[in-house]
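>>> predicted structure and sequence below. I'll ask about it afterward.
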Amino acid sequence: MRDQSKTKVAASSGGEPALRRTIGPAQMALYGLGSMLGAGIYGLIGKAAGQVGNAVWLAFVVALAAALLTALSYASLGSRHPRAAGAVYVTGRAYGFPLLSFMVGLALVCSGLTSIATQARVFAANFAALFGIESLPVEGLALGFLLILTGIVFRGIRESMWVNVLCTLVEAGGLVLVIVVGMSYWGAVDYFATPVVAGGDHAVLIVMQGAVLAFFAFIGFEDMINVAEETRDPERTVPLGLVLAMAGAAILYIAVAITAVSVVPWQELAQAPGPITEVVARAAPSIPPAVFTAITLFAVANTALVNYVTASRLIYGMARQGLLPRSLGSVHAARRTPHVAVAALFLVLAPLALLGTITELAAATVLLLLLVFMVVNGALFILKRRKSEVLGRFEVPLFVPVLGALICFVLIVVRVATGDVAAPALAGGLLLGSLAIYALMQKLC
């Protein structure tokens, strides 16, 4: 008989309030889709086209296949153990090593913090440009944006999800607009043509190099497992929403990539400061550029919102698992949100957003995120081979986590080998810092 207790993780004990379950499959899919799309795709198309040429769409197909392996591992684990800080929980369950669980959680929190702080400054800059108020300090606008974001996340998961739905539909609508205005250009070029480079690199190798870059356009699935405790029928909703989000992102990315190189030669696309804006300017010059500035505001706000919700649930879940102070796992009696975790995040985010010097930190957390994916894939492999483990409603073959972990390892090697030394060094520093924090917490407890 199936263990039904895991579907009631949000049930309170000792009279404590619990998180409110309101998220259905459609909202879960849009939550994941909003996390994946973001504003990055508007610049990523140009960078990827510069590497791969007209075959940029193929790079997204390869990237999808690679990212889908880890995403399916997350879907399976979310079906088995649907709870906040799910990656942290399954790491502890599989390896039985609290320090590793703590490091996984801290890496995910760091990733969210750097993303939110970066998006706050990007939002402030775009907001000032759109409304012609460049004279106002970016720091003040960024802080105001964070305050509004904090209020939404504190207000409730239902309100956060509806804001997410609105933002996701707007940013997806912007990409659909690009496809619609440029679809008449489809078939104008050879979609398998790649750049001719010194040394005569094979087309397959060029596409693989582009796929490494495109892989990061699909990162976002890890956010979905962290709201599992606020999901209706999570064993079904989490995997279904995750697969739908990946499918939606893939369709949009591939169609936009085909449209972009059909309208603008890939050489010019790679040099354009705003590749998507350039595509629309040529295919539909009557559409004012301000439209895409406005869409960018929604995309940036959505990315920050999703990361704020995710980070607060990570902290809440880690506190509930005894990896952080218990008070961070408190739930507001009326709003049913982890209000202490939300407030603690704001206290850390405000100075980060004001400093504005976190570019290298963001690059370092990408490496940490890949390490987390390796660990989580390994956790599923261990749990699938453990006979005492109860199966979930969504199971994947054993080769899925094995290949997922292998691909993440390759991506780590590629990024370390081709990037500067700052990101790996900072990633190592964050890991050492997590060790120090964990040791301190052990002494205090």
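Cool, got the structure. Quantities reported herein were computed from a predicted structural model and do not represent experimental measurements.

>>> the chain: strands as residue ranges?
Taking DSSP state E, the chain contains no strands at all.

>>> these two touch, right, residue 379 and residue 95?
Yes: in this structure, residue 379 is within contact of residue 95 by CB atoms under 8 Å, at 6.8 Å. For every residue, glycine as well, the C-beta is placed using N, CA and C.

>>> okay, those two: which has more neighbours?
Each of residue 379 and residue 95 has its neighbours counted (other CB atoms under 10 Å); residue 379 has more, 26 against 16.

>>> tell me which residues touch the spatially closest residue to that one that is not a sequence neighbour, please.
Distances taken as CB to CB, 6 or more residues apart in numbering place residue 94 nearest to residue 379, at 3.7 Å, with adjacent residues excluded. For residue 94, the residues meeting the contact criterion (CB atoms under 8 Å, 6 or more residues apart in numbering) are 378, 379, 380, 382, 383.

>>> try it again at 7 Å.
379, 382, 383 (CB atoms under 7 Å, 6 or more residues apart in numbering).

>>> how near is residue 342 to residue 147?
12 Å (CB to CB, to the nearest Å).

>>> more crowded one of those two?
A count of neighbours by other CB under 10 Å puts residue 342 above the other of residue 342 and residue 147, at 26 against 11.

>>> for that one, give its distance to residue 331.
Distance, residue 342 to residue 331, by CB to CB: 11 Å.

>>> one more: residue 314?
15 Å.

>>> the two - which one has more neighbours?
residue 314 (29 against 20).

>>> which stretches of the stretch 1-150 of the chain have low pLDDT?
1-15, 39 (pLDDT under 70).

>>> residue 333 contacts residue 20, doesn't it?
No: counting by CB atoms under 7 Å, residue 333 does not reach residue 20; the two are 11.5 Å apart.

>>> looking at those two, which is more packed in?
Using other CB under 10 Å, the more surrounded residue of residue 333 and residue 20 is residue 20, with 16 against 9.

>>> got the contact list for that one?
Taking CB under 7 Å, 6+ apart as the contact definition, residue 20 lies against 157, 230, 336.

>>> neighbours of the first one, how many?
Neighbourhood size, residue 157 [other CB under 10 Å]: 25.

>>> the nearest residue in space to it that is not next to it in sequence: neighbour count?
Closest residue to residue 157 apart from its sequence neighbours, by CB to CB, 6+ apart: residue 230 at 4.7 Å. Number of residues near residue 230 (other CB under 10 Å) recorded here: 27.

>>> can you tell me which residues contact the residue nearest to residue 125 when sequence neighbours are not counted?
Excluding the flanking residues, the one nearest residue 125 by CB to CB, 6+ apart is residue 138, at 5.7 Å. Listed by CB under 7 Å, 6+ apart, the contact set of residue 138 reads 121, 124, 125, 128.

>>> who wins for neighbours among those?
Neighbour counts for those peak at residue 124, which has 24 neighbours (criterion: other CB under 10 Å).

>>> does that one really touch residue 145, like I thought?
Yes: Residue 124 lies in contact with residue 145 (CB under 7 Å); the separation is 6.1 Å.

>>> now the nearest residue to residue 99 once chain neighbours are set aside: how far from residue 398?
The spatial neighbour of residue 99 that comes closest, neighbours along the chain excluded (CB to CB, 6+ apart), is residue 438 at 5.6 Å. Shown here: residue 438 relative to residue 398, a distance of 31 Å by CB to CB.

>>> looking at those two, which one has more neighbours?
Each of residue 438 and residue 398 has its neighbours counted (other CB under 10 Å); residue 438 has more, 17 against 12.

>>> which pLDDT does the model give the more buried one?
You'll see residue 438 listed with a pLDDT of 81.

>>> please apply the same query to residue 356.
For residue 356, the predicted pLDDT is 64.

>>> contacts only, for residue 43.
residue 275.

>>> 10 Å instead, please
With contact set as CB atoms under 10 Å, 6 or more residues apart in numbering, residue 43 has these partners: 272, 273, 274, 275, 276.

>>> right, and the pair among those residues with maximum separation?
273 and 276 (10.8 Å; CB to CB).

>>> what about residue 166, distance to residue 30?
With CB to CB as the criterion, residue 166 and residue 30 are 10 Å apart.

>>> with residue 210 as the reference, measure out to the most centrally placed residue in the chain.
By CA atoms, centre = their mean, the chain has its centre lying nearest to residue 220, at 2.5 Å. In this view, residue 220 and residue 210 are 19 Å apart by CB to CB.

>>> hang on, the earlier thing: which neighbours do residue 124 and residue 145 share?
Contacts common to residue 124 and residue 145, judged by CB under 10 Å, 6+ apart, are 300, 353.

>>> quick revisit: what touches both of residue 166 and residue 30?
With CB under 10 Å, 6+ apart as the test, residue 166 and residue 30 both reach residue 302.

>>> which one's more surrounded, these two?
Using other CB under 10 Å as the criterion, residue 166 and residue 30 rank with residue 30 on top: 24 against 15.

>>> select the longest helix from this protein.
What stands out as the longest helix in the chain, according to DSSP state H, is helix 98-130.

>>> does anything pack onto it? Which helices or strands?
Counting contacts by 3 or more CB pairs under 10 Å, 6 or more residues apart in numbering; DSSP states H and E, helix 98-130 packs against helix 86-95, helix 138-155, helix 290-320, helix 339-355, helix 359-385, helix 422-444.
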